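# Fold the following and give me the result.
(chains A and B)
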Amino acid sequence: MSATTTYRTCPRSGLQFESHAERLMLANAVAAVVFLLIGGILAVGVVLTRWPAVHWLEADTFYQVLTAHGIDMLIFWIIFFEIAVLYFCSSTLLRCRIATPRVAWLAFALMVIGSITNNVAVYRGGSSVMMTSYVPMMAEPAFYLGLILFAVGALIALFVFFGTLVVAKRDKTYQGSVPLVTFGAITAAIIAVFTITSGAIILIPTWFLSLGLVKTIDPLAYRMIWWAFGHSSQQINVAAHISIWYAVAAIAFGAKPMSERVSRGAFLLYILFLQLASAHHLLADPGLSTAWKVVNTSYFMYFAVLASMIHGLTIPGAMEVAQRKKGFNKGLFEWLRKAPWGNPVFSGVFISIIGFGFLGGISGVMMGTEQLNMIIHNTIYVPGHFHATVVVGTTLSFMALTYFLIPVLFKREMIAPVLARWQPYLFGFSMYFFCLVMMGAGTLGVSRR
Amino acid sequence: MSAILPPAERLWWKHPLDRVEGTWIVIALVWCLIMFAMMVGWHIYGKQNLSTETYRTTPEKFTAKTQAFVDKYTVRTETADKTPVVAPPPGTDIYLIARLWSFWPILELEKDKTYRLHLSSLDYNHGFSLQPANINIQIVPGYEHVVTITPNRSGQYSVVCNEYCGINHHTMVGRIYVK
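Have a look, this model is predicted:
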């Protein structure tokens, strides 16, 4: 079964790619970027309509464009890319073949079919229900079916990832424990299983509802279970992009984690507590007790916050240790000044770390407070917050990693290296500004949609 | 050696904790505990907590209650749709319907008096966003949420729907007067 595969060692990075895994990574990464492109074009429509001076699109087109923008970005772009990252963290980092490549292609095909089905349903016009699709507002059956097919595909891909870990362990392709980055990817995959299961629990009945097979779904129960999917999917991102931060620290500086125990322990906290933070979406809802809200959003969420605060120290910390070893010891910050700021792999990740922590993280914790939530619930503060986490945090990290993967995985050179050098700054700082002004407007009461 | 390779020390979990890391974990943990205490503290000592009093309802039941309330206390009508303006006596139960795409009726309240505001939706999820005070509450169909309110400033307030509820969502605006 494994006899037919071949391996290639990348001369630049020394990484070893197995041919099946390599093609799967390419396919998933390219599909991801296609959705990023579509979502980015749609974003222009959203921004130019919400900008009162322009107010470009009519209401029906706007809601359609906003629905597609949300789903293409938050689900399709990110999960396709994450599947590529998972294959990289298993097959490439553990130097083993990928388990069941045919099944992995089946997963990819399901994800492509699902995402196209969902997009077509939205563009046909009968499914402008936003990503959240709160019942009893209904979309076309194809809208839900698309999401379900995509989720099944993603779930299969996750099990290919777990299978690949088993292959590596059995073939003894590595010594001792898995690398920290792989450990982080495992965290992301475990959270993803929880997330997709929650999505199935709520979206399958909703699909039946749209077909008339189920009579009603309780709107509050929908909200709770949907957010177990909707928010947890963002926790996959957190675990994945933090793994990428560690990977880039290792790639750009040869940095090793300050303490494996601390970093892995922090990832473990994510598995245990991060999903419970989904409850903060329901802080302004009727019917849920104060105790339930406080326990989930403070007591448990703060353990996840603790984990992020730990990563926030250990990743720049690892970079500092590595830089000081190279002799950049002058003053407090020479290690940072002499960092490779012209390399988009590093600059992208560093802008992402700072923005995710100070804009996304802090605003998220603030919103998760019951009383403060009443000020910002469903205001434009909310998109301000999650653009700081998902765009500055996840998307910018994925972009930075892509700069590394273009030569290593795609075996190509960047066509405009100068533009590439400026891109993380332009994109990152524009997003900082964008998030800040949205949060400001939200505090003043501008509504979300 | 690095984060993308297996840990060099086989027994990495026995590696002693760096002082900086240990200190930081303690600081972060203490801060988390303070925030947790604050969240509970605000609930006990704070003055702006969301009530959790909720009943199951149906569109028919809630419409009937609101209609009875409107019939009893309407003082005049406003806007092109002749929306009733309802001035209930202080301390009573008051009702506000959210539906596609309006809030009904218009409420006229007295400053510094307390009311029990019943909120529900007849169809989809809606958002109760009181502007410019900026208080935001989710309205979920099938659930009657009772919020105790004491308006402390007079003027005209807008109730803006801030939960997407279909094609005319952006036109869904209601009104509350405080005298």
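# Count the residues that sit near B:A68.
By the criterion of other Cβ atoms under 10 Å in any protein chain shown, B:A68 has 11 neighbours. C-beta coordinates here come from the backbone N, C-alpha and C atoms, glycine included.
# Which secondary structure element is home to it?
Using DSSP states H and E, B:A68 sits in helix B:59-73.
# all strands for the chain, in order.
Just so you know, I chose chain A. Assigned by DSSP state E, chain A shows strands spanning A:7-9, A:16-18.
# let's do chain B instead
Secondary structure of chain B by DSSP E: the strands cover B:54-56, B:74-78, B:83-86, B:93-99, B:102-104, B:106-109, B:115-121, B:126-131, B:135-139, B:143-149, B:155-160, B:173-178.
# between these, which one is nearest to A:A388?
Relative to A:A388, the nearest member of the strands of chain B by Cβ to Cβ is strand B:135-139, separated by 19.9 Å.
# sorry, back to before: make TSV from the strands of chain B and add mean neighbour count to it.
Formatted as TSV, these follow (neighbours: other Cβ atoms under 10 Å in any protein chain shown):
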stretch	mean neighbour count
strand B:54-56	15
strand B:74-78	13
strand B:83-86	20
strand B:93-99	21
strand B:102-104	20
strand B:106-109	23
strand B:115-121	23
strand B:126-131	24
strand B:135-139	24
strand B:143-149	19
strand B:155-160	17
strand B:173-178	18
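# mind checking the end-to-end distance for stretch A:62-81?
Distance across stretch A:62-81, first residue to last, is 27 Å (Cα to Cα, to the nearest Å).
# actually stretch A:283-299, sorry about that
Terminal residues of stretch A:283-299 are spaced 14 Å apart (Cα to Cα).
# Tell me which residues of that stretch come out buried.
Counting neighbours by 16 or more other Cβ atoms under 10 Å in any protein chain shown, one finds that the buried residues in stretch A:283-299 are A:283-288, A:293-299.
# what's the answer for stretch B:166-174, then?
Judged by neighbour count (16+ other Cβ under 10 Å), stretch B:166-174 contains these buried residues: B:G166, B:I167, B:H169, B:H170, B:M172, B:G174.
# what's the most distant pair in those?
That would be B:I167 and B:G174, which, of the buried residues of stretch B:166-174, are the farthest apart (Cβ to Cβ) at 18.3 Å.
# Quickly note the distance from A:A239 to A:S233.
Counting by Cβ to Cβ, to the nearest Å, the gap from A:A239 to A:S233 is 11 Å.
# For B:F69, which residues are in contact?
B:V86, B:P88, B:D93, B:I94, B:Y95 (Cβ atoms under 8 Å, 6 or more residues apart in numbering or on different chains).
# which residues of chain B score low on pLDDT?
For chain B, residues meeting the criterion pLDDT under 70 lie at B:1.
# and the helix holding B:A68, C-alpha only, in PDB?
What follows is helix B:59-73, C-alpha atoms only, in PDB (Å, rounded to 0.1, in the frame of the first residue of the first chain):
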ATOM      1  CA  PRO B  59     -47.100  34.500  18.600                       C
ATOM      2  CA  GLU B  60     -50.900  34.200  19.300                       C
ATOM      3  CA  LYS B  61     -50.600  34.500  23.100                       C
ATOM      4  CA  PHE B  62     -48.100  37.300  22.900                       C
ATOM      5  CA  THR B  63     -50.100  39.200  20.400                       C
ATOM      6  CA  ALA B  64     -53.300  38.800  22.500                       C
ATOM      7  CA  LYS B  65     -51.500  40.200  25.600                       C
ATOM      8  CA  THR B  66     -50.000  43.100  23.700                       C
ATOM      9  CA  GLN B  67     -53.400  43.900  22.000                       C
ATOM     10  CA  ALA B  68     -55.100  44.000  25.400                       C
ATOM     11  CA  PHE B  69     -52.300  46.300  26.700                       C
ATOM     12  CA  VAL B  70     -52.700  48.600  23.700                       C
ATOM     13  CA  ASP B  71     -56.500  48.700  23.900                       C
ATOM     14  CA  LYS B  72     -56.200  49.700  27.500                       C
ATOM     15  CA  TYR B  73     -53.600  52.500  27.500                       C
END
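# Regarding the chain, what is its longest helix?
Defaulting to chain A. In chain A, taking DSSP state H as the definition, the longest helix is helix A:219-253.
# right idea, wrong chain: chain B
Per DSSP H, chain B has its longest helix at helix B:19-45.
# Tell me the gap between it and the middle of its chain.
In this view, helix B:19-45 has its centroid 27 Å away from the chain centroid, taken as Cα atoms, centre = their mean, to the nearest Å.
# follow-up on the earlier one: give me the subset of the buried residues of stretch A:283-299 that lies in helices.
Here DSSP H is the test, and the buried residues of stretch A:283-299 give A:K293, A:V294 as lying in helices.
# Can you narrow the buried residues of stretch A:283-299 down to the ones near chain B?
By Cβ under 8 Å from any Cβ of the partner chain, the members of these lying near chain B are A:L283, A:A284, A:D285, A:P286, A:G287, A:L288, A:V294, A:T297, A:S298, A:Y299.
# And for the last one, nearest residue in space, chain neighbours not counted?
Closest residue to A:Y299 in three dimensions, ignoring its sequence neighbours and counting by Cβ to Cβ, 6 or more residues apart in numbering or on different chains: B:F36, at 5.7 Å.
# quick one: the most centrally placed residue in chain B and B:T54, what's the gap?
Nearest residue to the geometric centre of chain B (Cα atoms, centre = their mean): B:I137, 1.7 Å. According to Cβ to Cβ, B:I137 and B:T54 sit 12 Å apart.
# next one: A:V365
A:V365 is 27 Å from B:T54, where distance means Cβ to Cβ.
# Just give the closest residue to A:A104, not the sequence neighbours.
Nearest non-adjacent residue to A:A104, counting by Cβ to Cβ, 6+ apart: A:V160, 4.4 Å away.
# ok, now B:V20?
Nearest residue to B:V20 in three dimensions, chain neighbours excluded: A:G317, at 7.0 Å (Cβ to Cβ, 6+ apart).
# Could you report the pLDDT at the residue nearest to A:A104?
Looking at A:V160, its pLDDT is 97.
# residues contacting it?
A:V160 is in contact with A:Y87, A:I98, A:A99, A:T100, A:V103, A:A104, A:A107, counting by Cβ under 8 Å, 6+ apart.
# For the residue nearest to the residue nearest to the centre of chain B when sequence neighbours are not counted, give its distance to B:G174.
Among residues not flanking B:I137 along the chain, B:F128 sits closest, at 4.4 Å (Cβ to Cβ, 6+ apart). Distance from B:F128 to B:G174, counting by Cβ to Cβ: 9 Å.
# which neighbours do these two share?
Joint contacts of B:F128 and B:G174 (Cβ under 8 Å, 6+ apart) are B:L96, B:V159.
# Tell me the one of the contacts of A:V160 nearest A:M439?
Closest approach between the contacts of A:V160 and A:M439, by Cβ to Cβ: A:Y87, at 35.8 Å.
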